[in-house]
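Novice: model the structure of this input:
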Amino acid sequence: SQLATLEHAQAGAACGLLGAVPPEQRKNVSVKEHEMPFVIHPLDWPSARIAAHLVAILVAEIFGLRTSMLPPTPSTESALLKVAGCTVPVEQGCKGLDVPEAHVLVEAWETAATRN
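Specialist: The predicted structure is shown next:
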């Protein structure tokens, strides 16, 4: 399937873009002195998962960062909390982690392309 092909490419099997940073030269990001891959949090519908894999490929090959992907979630709110580093809801003060679980939330809507 197309998604399986994107997952294979995102895993760093081979560089696809001209001038891409090879997998062995990719680096982690540093967040509050904590080294980690650039973490992408997809949402759980096909367009969002495809967009997340495309972001992972572009971040890895163009910016030279190691990437990882959290499991997809059906909730935009829970994904945003992970990007914000919250372990409790915002209404309770967004208490939680020093380092967020994810760096970016990727969301795509299939209906957006059909609007004029």
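Novice: CA only for contacts and neighbour counts going forward, please
Specialist: Will do.
Novice: quick check: which ranges of this structure have low pLDDT?
Specialist: 1-15, 88-93, 96-98, 110-116 (pLDDT under 70).
Novice: okay, which residue is most central for it?
Specialist: The chain has residue 40 as the residue nearest its centroid, 1.5 Å off, counting by CA atoms, centre = their mean.
Novice: pretty sure it contacts residue 70?
Specialist: Yes - Residue 40 lies in contact with residue 70 (CA atoms under 8 Å); the separation is 6.3 Å.
Novice: which residues does the helix or strand where the residue nearest to the centre of the chain lies contact?
Specialist: In this assignment (DSSP states H and E), residue 40 forms part of strand 38-42. Defining contact as CA atoms under 8 Å, 6 or more residues apart in numbering, one finds that strand 38-42 is touched by 28-29, 48-49, 52, 56, 65-73, 79, 101-107.
Novice: parallel or antiparallel, which strands does it pair with?
Specialist: Using DSSP bridges, the strands paired with strand 38-42 are strand 67-69 (parallel), strand 104-106 (parallel).
Novice: beta partners of residue 105?
Specialist: Going by DSSP bridges, residue 105 forms beta bridges with residue 41.
Novice: check the gap between it and residue 73 for me.
Specialist: From residue 105 across to residue 73, the span is 10 Å (CA to CA, to the nearest Å).
Novice: overlap in contacts of these two?
Specialist: 41, 42, 43, 79.
Novice: what's the closest of the residues you listed to residue 87?
Specialist: Using CA to CA, residue 79 comes nearest to residue 87 of these, at 11.0 Å.
Novice: on that earlier part again, which of the contacts of strand 38-42 fall within strands?
Specialist: Mapping the contacts of strand 38-42 onto strands (DSSP state E) picks out 29, 67, 68, 69, 104, 105, 106.
Novice: now those in JSON lines, with distance to residue 84 and neighbour count?
Specialist: Shown next, in JSON lines, are the ones in strands among the contacts of strand 38-42 (distance: CA to CA, whole Å; neighbours: other CA atoms under 10 Å):
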{"residue": "29", "distance to residue 84": "16", "neighbour count": "17"}
{"residue": "67", "distance to residue 84": "18", "neighbour count": "23"}
{"residue": "68", "distance to residue 84": "17", "neighbour count": "18"}
{"residue": "69", "distance to residue 84": "16", "neighbour count": "18"}
{"residue": "104", "distance to residue 84": "9", "neighbour count": "19"}
{"residue": "105", "distance to residue 84": "10", "neighbour count": "19"}
{"residue": "106", "distance to residue 84": "14", "neighbour count": "22"}
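Novice: great, nothing more from me.
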